[in-house]
Every structure is written in structure tokens, then in C-alpha cells.
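Student: Just the structure for this:
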Amino acid sequence: MQSKSIKGKTPTEIKNELEEIKSTGFKATLAIILISNLENAASLCAIFNNEHIAVFGVSTSQKFTEQGMVPDDIVVLLLDISPGYFRIVLKDNEAAGSVYDAAYLVGEAGVQAFKNPGFIISSADFRMSGEEIIKGLTDAAGKETVIMGGVAGDPADFSGIIFTNNTSCTKGILALVIDQDKVAINGLAVSGWKPVGTTKKITKSEGPWIFTIDNEPALDVIQRFLGKEIAADYKQKGLIPSDLGYPLQFERESGSILMRPLLLMNPAEKSIMVGGDVKEGESFRFSLPPNFDAIDTVVNSTITVKENTMPDADALIVFSCIGRLGSFGPMISTEIEGLAATWKKPMVGFFSLGEFGKLDEHRCEFHGTTVSWVALKERN
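Tutor: All right, here's what the predicted structure looks like:
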């Protein structure tokens with residue numbers, strides 16, 4: 001399987017790039033499209049429909065290729081994968097009835113298509129529970145199903161779309177379902193953040209909202225560790241957005257760490273909202289400020305897979321949390337360059353509002369402030 005990454009400021013530029021690639025004899029069958037201007041989706045679909053190329057489309061504020069960050073509006077990864085090796089499924093959350101139902105339908109479609117399906121997904125509307133997406137997919141396709149991906153959208157206003165050749169939606173799930181008997185999928189969800197402080201326990205919570213930690217108001221605990229200035233203006237009414245670069249590290253029985261960024265604070269209730277559902281009784285630790293060790297951990301995860309499992313790859317897709325971009329700043333380029341250098345093959349990625357993937361050999365979960373990367377290799 002061959003792959004190529006292209007970019008352009010307008011759909012016309014992308015069309016010209018396609019024409020040039022066609023002249024070399026490369027015939028794409030699948031396009032993974034990342035856009036920032038939502039209005040470009042329809043024009044791009046028309047172009048790719050005319051070329052009989054299947055579309056997996058996502059909107060995002062920031063994107064990158066193997067060449068680094070891309071300021072242009074459109075990024076595309078072209079693959080010449082056999083059409084019999086994949087399916088694209090889009091399910092609207094509202095039409096399905098619930099997040100779980102939409103995810104179950106996606107998983108069901110994958111099982112019907114292939115005996116051994118793997119899922120690369122994106123969801124639109126960050127309010128959709130990532131845990132419910134994972135539950136619906138795995139209930140339909142199996143607990144050990146491979147699920148990698150990221151949440152679409154712009155963090156400025158959380159608007160976003162997912163789209164394929166003839167349809168799009170702002171509240172749903174898009175999946176590239178791959179026959180793993182034909183195409184190998186390898187990937188991990190890795191954060192690299194270092195923990196600090198003693199273990200804390202969630203003593204009252206509901207969904208993503210945490211009300212008490214060790215039986216104290218959650219915001220009081222957060223302020224004691226990170227400083228009272230993070231929510232000092234108690235006169236402000238309503239919720240206070242948080243851009244803190246100190247995610248909470250939730251401990252799993254396997255020893256792996258699940259990251260949950262702090263998203264909102266409610267001074268009136270002294271509660272906090274994190275990026276994902278949490279349960280009473282779960283434990284966590286705070287994080288140290290990010291450094292190059294965190295980047296090395298992410299890059300080394302790809303090197304380990306290359307050395308032990310997948311010596312070569314045909315393409316790489318990366319879903320990196322938007323929180324990493326804010327926390328690492330210019331250092332994020334080092335992470336992108338390191339990921340691209342492992343296999344030295346075409347790569348596309350975007351900064352997401354939540355990530356899906358496996359921490360280790362256990363089942364897939366929903367993450368924050370994490371990099372979920374997936375490498376593809378056609379089997380002989």
C-alpha cells in the first residue's frame with residue numbers, strides 16, 4: 001500500500017495536487033481529509049467523488065504532516081488501499097437516539113463487514129461521552145477491539161463536523177473500519193506526563209464533574225496544589241474555563257495511567273469538570289509541568305513498536321490533544337518530527353478535543369492530553 005500527503009489553501013489547490021499525483025500513476029482510493037474552514041467540506045467531497053476516492057473527513061483548528069505544522073486550510077493523506085479492505089461508516093448521534101446507540105451501530109457495521117475489524121474514529125461534539133462511544137463500539141465488536149482516534153472540533157467554540165463523500169454531521173461518529181486480516185494496525189495512546197504528589201481519591205462525582213476529593217470540595221483541593229489564583233474571582237458567575245497544563249493522572253489496575261485534563265471550574269459549587277467521565281472511588285495524582293522527557297516517551301513508543309512488531313509501515317495517523325499544543329508550545333514540533341522520523345512514511349495528524357486508544361495490551365479507553373497514534377501496514 002502506498003500513501004502520499006498533500007496540502008493546500010483551497011479546494012482548487014487540492015484538485016491541482018490530485019491531478020499532478022495522478023500523472024505519476026498513483027491511484028488513490030481513500031482520502032483522510034483535515035480541514036479548518038467548514039465551508040470547504042462540500043467542495044472537497046465533490047472533487048473526491050469525481051475521482052471515486054472514499055472520504056474520511058474531520059474539521060480541526062490545527063493539523064500537521066510528516067513535514068511539520070501546516071498553516072494551510074486543508075491537509076490530505078491519500079492511500080491506494082484496496083476498496084475491499086475498508087469501509088467508512090458515519091452515524092448521527094441524534095438519529096441513532098443516543099451516543100451509545102450510534103457507537104453500537106458503528107461497531108455492528110464493522111463486524112458485518114469484516115471478521116476482524118479495527119476502527120479509526122472521530123466524533124463531532126465534544127459533549128458526547130467518550131466512554132459511551134467506547135462502550136457502544138466494544139459491546140458490538142468485542143471488548144478487545146482496536147479503536148484509535150480523536151474528537152473533531154475547534155477549541156475556540158467547540159464547533160466541528162465529520163464528513164464523508166455524501167453526508168456530514170455535527171453530532172455523530174465517523175469510522176474508518178479496516179480489515180485487520182489484510183491491513184495491520186498498530187498504535188498506542190501515550191502521554192509522557194510525570195506524576196507528582198500523593199494519591200487523591202474521588203469521593204463524589206457525576207459524569208465528568210468532580211464535587212469532592214478526599215471528602216473536601218474539589219476546587220479547594222485543586223487550588224491548594226495549583227494556587228488560589230486559578231479561580232480567585234469568586235464574583236464571576238457561571239463556569240470558568242480552565243487552560244491549566246496540569247492534567248490529572250488516573251490510576252488503572254494494570255498500572256497504566258489515564259489522563260484527564262481540567263476543563264471547567266464552578267466556583268459556586270467548588271466543583272471541577274475534567275475531560276471524561278470519572279467514578280467515585282477512582283484515584284489520581286497531579287502532573288508535573290511538561291518537559292522533553294514527555295516528548296521522548298511518546299516518540300519512544302513508536303520506536304519500540306517498530307523494533308518489536310512493525311519494522312515498516314505504509315502510513316501514520318496521529319491524534320494529539322489540543323492541550324499538548326498549549327502546554328508544550330514550540331516544543332510540540334519536536335514531538336511531531338520524532339513521530340514522523342520513526343518510519344519515515346507519509347503522516348497526517350490533528351490536535352483533537354479528546355483521544356481514543358489503548359494504553360497497553362488492555363482495552364481501548366478515552367483520554368485527554370494524550371497522543372493516540374496509529375500505523376498502517378498492508379499484509380503480504
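
Student: Starting from the helix or strand that contains residue 88, tell me which strands it pairs with and how they run.
Tutor: In this structure, residue 88 is located in strand 86-92 according to DSSP states H and E. Strand 86-92 sits in its sheet next to strand 172-179 (antiparallel), going by DSSP bridges.

Student: shaky segments in the stretch 51-200 of the chain?
Tutor: Counting by pLDDT under 70, not a single residue of the stretch 51-200 of the chain qualifies.

Student: if we can go back for a sec, now do the buried residues in the helix or strand that the strand holding residue 88 is followed by.
Tutor: Scanning forward in sequence from strand 86-92 by DSSP H and E, the next helix or strand is helix 93-96. The neighbour-count check on helix 93-96 (16 or more other C-beta atoms under 10 Å) flags 93, 96 as buried. All C-beta atoms are positioned from the backbone trio N, CA, C, and that covers glycine.

Student: Report the distance from the strand holding residue 88 to the chain centre.
Tutor: Its chain's C-alpha centre and that of strand 86-92 lie 17 Å apart, by C-alpha atoms, centre = their mean, to the nearest Å.

Student: Return it as PDB; C-alpha atoms alone will do.
Tutor: Output of strand 86-92 as PDB, limited to C-alpha atoms (Å, rounded to 0.1, in the frame of the first residue of the first chain):
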ATOM      1  CA  PHE A  86     -12.000  -0.900   4.400                       C
ATOM      2  CA  ARG A  87     -15.400   0.600   5.000                       C
ATOM      3  CA  ILE A  88     -16.400   4.100   6.000                       C
ATOM      4  CA  VAL A  89     -19.300   4.400   8.400                       C
ATOM      5  CA  LEU A  90     -21.000   7.600   9.700                       C
ATOM      6  CA  LYS A  91     -23.700   7.600  12.300                       C
ATOM      7  CA  ASP A  92     -25.600  10.600  13.500                       C
END
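
Student: Show residues contacting that strand.
Tutor: Outside strand 86-92, the residues within contact range by C-beta atoms under 8 Å, 6 or more residues apart in numbering are 30, 54-56, 102-103, 105-106, 109-110, 113-114, 162-165, 167-169, 171-179, 183.

Student: Run through the neighbouring helices and strands of the helix or strand in which residue 250 is found.
Tutor: Residue 250 is part of strand 248-251, with elements assigned from DSSP H and E. Strand 248-251 sits against strand 257-260, strand 283-287, with contacts defined as 3 or more C-beta pairs under 8 Å, 6 or more residues apart in numbering; DSSP states H and E.

Student: doesn't residue 373 make contact with residue 318?
Tutor: Yes - counting by C-beta atoms under 8 Å, residue 318 does reach residue 373; the two are 4.8 Å apart.

Student: distance between the lengthiest strand in the chain and the chain's centre?
Tutor: Longest strand of the chain, by residue count under DSSP state E: strand 195-206. In terms of C-alpha atoms, centre = their mean, the centre of strand 195-206 is set 25 Å apart from its chain centre.

Student: Quick check: residue 25 vs residue 4, distance?
Tutor: Taking C-beta to C-beta, to the nearest Å as the measure, residue 25 falls 12 Å from residue 4.

Student: How about residue 351?
Tutor: 22 Å.

Student: Tell me where the stretch 251-380 of the chain has helices.
Tutor: Counting by DSSP state H, counting those that start in this stretch, residue ranges of the helices within the stretch 251-380 of the chain are 292-308, 322-328, 332-343.

Student: Save these as CSV, and put in mean pLDDT, distance to residue 120 and mean neighbour count too.
Tutor: As requested, those are exported to CSV (pLDDT from 0 to 100; distance: least, C-beta to C-beta, whole Å; neighbours: other C-beta atoms under 10 Å):
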stretch, mean pLDDT, distance to residue 120, mean neighbour count
helix 292-308, 93, 16, 17
helix 322-328, 86, 19, 22
helix 332-343, 96, 16, 19
